[in-house]
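Undergrad: Curious how this folds, go ahead:
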Amino acid sequence: MDKKMTVIDHLGELRYRLIISVVTLFAGSIVIYLNMDKVILWLTAPLSGKQLYFIGPADGFFTTIQIAVVGGIIVTLPVLIYQVIAFILPGCTRKERKAIFLAIPPALILFGLGAGFGKQVIFSLVLRFFMGVGEGYLNPMLLGGKYFSFLLLLTFVMGMVFELPLVMIVLSWLGLVKSRKLRDTRLYGYVGILLIIGMMVPTPDVLTLVAICAPVILLYESSIWFIFFMEKIKRKKENVNYA
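TA: Numbering: from 1, shown residues only. Sure thing, here's the model as predicted:
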């Protein structure tokens, strides 16, 4: 049995984890900052040669710092997550610890896939749509700060959207949802996905919207069947125990 920690012990542990997190984040941000030219080139690829501008004297500097910090968070995310888990783990039961460790790899993978899909596919479509509408009667002057903020926000949101399967599985593990109910109402889930992504990503036609939503719908459907097989295995174990 784990040794009980006092309030002072918890505060000391929290300080230790925060120091490690800050130092790691600082190191990651420095790495991104030193490679800023390559990072900017990669982030501005969807612009197809269009220039970015800044208005205030310090806008360019703060935009660069913003990219360095966000990039630092991304490259050091496994370490940062580990520090959070290491802090809360002593207060968890054995079952909760097992669930946390099992959830970390798929959570990171799903977020990475969603963020990559958001940056490489969604953002390019959104940018093309907005620029196409605006350029009909206005000359664009894209501000660097707003461009990167919009890109980072959209990328983060798509990363979180791709966490949908993990959320569904956790809800099932807690007994809040059942696969049968999800199967019966899957049509509403599909419509909800189309509506949410449709509001995020304006597209000129329905086929493009369906193509964008297809990966999320596939994840949603696969989650339903994964939960179904989890329930089936659980029932088999219960029948063996009762026998």
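Undergrad: Now do the buried residues in stretch 145-152.
TA: 145, 147, 148, 151, 152 (16 or more other Cβ atoms under 10 Å). Just so you know, the C-beta spots here come from the backbone N, C-alpha and C atoms, and that holds for glycine as well.
Undergrad: And the residue nearest the centre of this structure?
TA: By Cα atoms, centre = their mean, the mean C-alpha position of the chain lies nearest to residue 159, the distance being 2.6 Å.
Undergrad: give the contact list for that residue.
TA: 110, 111, 112, 114, 115, 118 (Cβ atoms under 8 Å, 6 or more residues apart in numbering).
Undergrad: Can you select the buried ones from those residues in PyMOL?
TA: Typed into PyMOL, the line below selects the buried ones among the contacts of residue 159, using 16+ other Cβ under 10 Å:
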select buried, resi 110+111+114+115+118
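Undergrad: Closest one of the contacts of residue 159 to residue 184?
TA: residue 110 (25.1 Å; Cβ to Cβ).
Undergrad: name the helices or strands packed onto the helix or strand bottoming out on mean pLDDT in the chain?
TA: The weakest-scoring helix or strand in the chain, judged by mean pLDDT, DSSP states H and E, is helix 123-134 (a mean of 78). Judged by 3 or more Cβ pairs under 8 Å, 6 or more residues apart in numbering; DSSP states H and E, the packing partners of helix 123-134 are helix 144-161.
Undergrad: Just give me how far the helix it packs on sits from the chain centre.
TA: Remark: helix 144-161 is offset 11 Å from the chain centroid, using Cα atoms, centre = their mean, to the nearest Å.
Undergrad: any idea how far the helix or strand following it is from the chain center?
TA: Sequence-wise, the next helix or strand downstream of helix 144-161 (DSSP states H and E) is helix 164-173. Helix 164-173 has its C-alpha centroid displaced from the chain centroid by 15 Å (Cα atoms, centre = their mean).
Undergrad: Show me how the chain divides into domains.
TA: The chain breaks down into these domains under automatic domain parsing: 1-162, 167-243.
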